[in-house]
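In: Mind looking at a prediction? Sequence and model below.
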Amino acid sequence: MKAVVITRLGGPEVLQIQDVPAPSLNTGEELVRVQAGGLNFADTMTARGGYPGTPKPPLVAGREFCGTRANGDRVMGYIQWGAFAEAVAARSNLLWPVPANWSSEEGAAFPVNFFTAYFAYWKAGLLDQPKGARVLIHAVAGGVGTAAVQIGKLLGVEMYGTSSSEEKIARVQKLGLQHAINYKKQDYEQAIRDLTNGEGVDVVFEMLGGEHTTKGVRCLRDFGRVIVYGSASGQRGLLDPGILYSKGASVHGLWLTYLSSNADLMKQAWQWLSTRAAEGHLRPMIGAVFPMEKAAEAYGLLCEGKNFGKVVLKI
Ligand SMILES: NC(=O)c1ccc[n+]([C@@H]2O[C@H](COP(=O)([O-])OP(=O)(O)OC[C@H]3O[C@@H](n4cnc5c(N)ncnc54)[C@H](OP(=O)(O)O)[C@@H]3O)[C@@H](O)[C@H]2O)c1
């Protein structure tokens, strides 16, 4: 079968379409014929060699997909690698039915972004008590960002979002983002101060790393929470816990790879998400679709921060 293979560690240039053996099944797994794969920032990190838990190259790329089960049912699924291929050995408990009227591309764009965004609100304690809450969402026009905006709109929280581009900002405002901050033009910490009368926000969704972890804490008001779930800057988050004392602030980790092994938690999340998707409140935002042969171009968009919403590969 054809697959997008990470041939060695490096940038988009290390990706090649190759013929590889069909995957063999382990207990709890089933074969899914893949039609589309969703590209994640984690895929770019895997290719570069920075993603924990993935084997050394060569390996088949891709963490999420949409396709058909042996009985013909359409499913979307999550895996750690191996999704960008004509078939994938998927864990049955990490397959979900594709909502009616969604394309394969939309199905492939759902799992990582929406489960991650859901868990960010869950960790922040905002699913039950969203009233009056302010949330700062970094990379607000990206995959997880656009999912977080849709969920935030449903919860009725006040959202502040950062992006590098006016064009992306205009698109994400249409999804319901109330306060956009172009960090190329304005320091976001200062912008948060200005927009909140010097008070700050209750929650920061922090995926930049480096100095931004501490900067996130500085954006909080009393008892605020920073949810750390990435390091797109390429640097590990820097934090002196001493900074948390004065505001009673806290920092929480979130890693979908880890949470996805908790069946009860995933079931609870899927129940919440699928109900709202069926009601038409949640729908993946797709910025670009590429044939799998152009995987390197697709990866390039994410590496350069040029994507809006999700980038999808047609398999
Ligand atoms: N912990 C978890 O379980 C988990 C799960 C999913 C995703 N994540 C993390 O969440 C973040 C978003 O993931 P995603 O797949 O949805 O990607 P994405 O947001 O669609 O794409 C990355 C975006 O980050 C922004 N960015 C800021 N600094 C950047 C930099 N130095 N290099 C590249 N992009 C930069 C860019 O948007 P602007 O130019 O508009 O700023 C870019 O479009 C990533 O850090 C990812 O690792 C974590």
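Out: Happy to help now that I have it. Numbers count the residues shown, from 1 in each chain.

In: ok, the residue in the stretch 51-200 of the chain that the ligand sits nearest to - contacts?
Out: Per Cβ to the nearest ligand atom, G142 is where the stretch 51-200 of the chain lies closest to the ligand, at 1.9 Å. C-beta coordinates here come from the backbone N, C-alpha and C atoms, glycine included. Each residue near G142 by Cβ atoms under 8 Å, 6 or more residues apart in numbering is listed here: 41, 307-309.

In: And for P23?
Out: The neighbours of P23, taking Cβ under 8 Å, 6+ apart as the test, are 31, 82, 85, 87-89.

In: what about 7 Å?
Out: When the contact criterion is Cβ atoms under 7 Å, 6 or more residues apart in numbering, the partners of P23 are 82, 87-89.

In: Compare those and tell me which is most surrounded.
Out: Of all the contacts of P23, the most densely surrounded is V88 (28 neighbours; neighbours counted as other Cβ atoms under 10 Å).

In: what subset of the contacts of G142 is also close to the ligand?
Out: The residues of those that also fall near the ligand, by Cβ under 6 Å from any ligand atom, are 41, 307.

In: In helices only, show me the contacts of G142.
Out: Among the contacts of G142, the residues falling in helices (DSSP state H) are F41.

In: Now the two most distant members of the contacts of G142.
Out: Within the contacts of G142, two members stand farthest from each other by Cβ to Cβ: F41 and F308, at 13.8 Å.

In: how about the CA coordinates for stretch 61-73, as CSV?
Out: The C-alpha coordinates for stretch 61-73 follow below in CSV (Å, rounded to 0.1, in the frame of the first residue of the first chain):
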residue,chain,number,x,y,z
ALA,A,61,3.5,9.5,9.3
GLY,A,62,0.1,10.7,10.6
ARG,A,63,-1.9,10.8,13.8
GLU,A,64,-5.5,11.0,12.7
PHE,A,65,-7.6,9.9,9.8
CYS,A,66,-11.0,9.3,8.3
GLY,A,67,-12.0,6.2,6.4
THR,A,68,-14.1,3.0,6.4
ARG,A,69,-14.3,0.0,8.6
ALA,A,70,-14.5,-3.5,7.1
ASN,A,71,-18.3,-3.3,7.4
GLY,A,72,-18.3,0.0,5.4
ASP,A,73,-19.1,2.3,8.3
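
In: in that stretch, what counts as buried?
Out: Within stretch 61-73, the residues that qualify as buried by neighbour count (16 or more other Cβ atoms under 10 Å) are 61-69.

In: Contacts made by it with the rest, please.
Out: Here stretch 61-73 makes contact (Cβ under 7 Å, 6+ apart) with 4, 6, 15, 30-38, 40, 42-43, 46-47, 74-84, 88, 97-98, 104, 107-108, 111-112.

In: Mind giving me the ChimeraX command for buried ones among those?
Out: The following ChimeraX command selects only the buried members of the contacts of stretch 61-73, with burial defined by 16+ other Cβ under 10 Å:
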select :4,6,15,30,31,32,34,35,36,37,38,40,42,43,46,47,74,75,76,77,78,79,80,81,82,83,84,88,98,104,107,108,111,112
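
In: Fine by me, we can end here.
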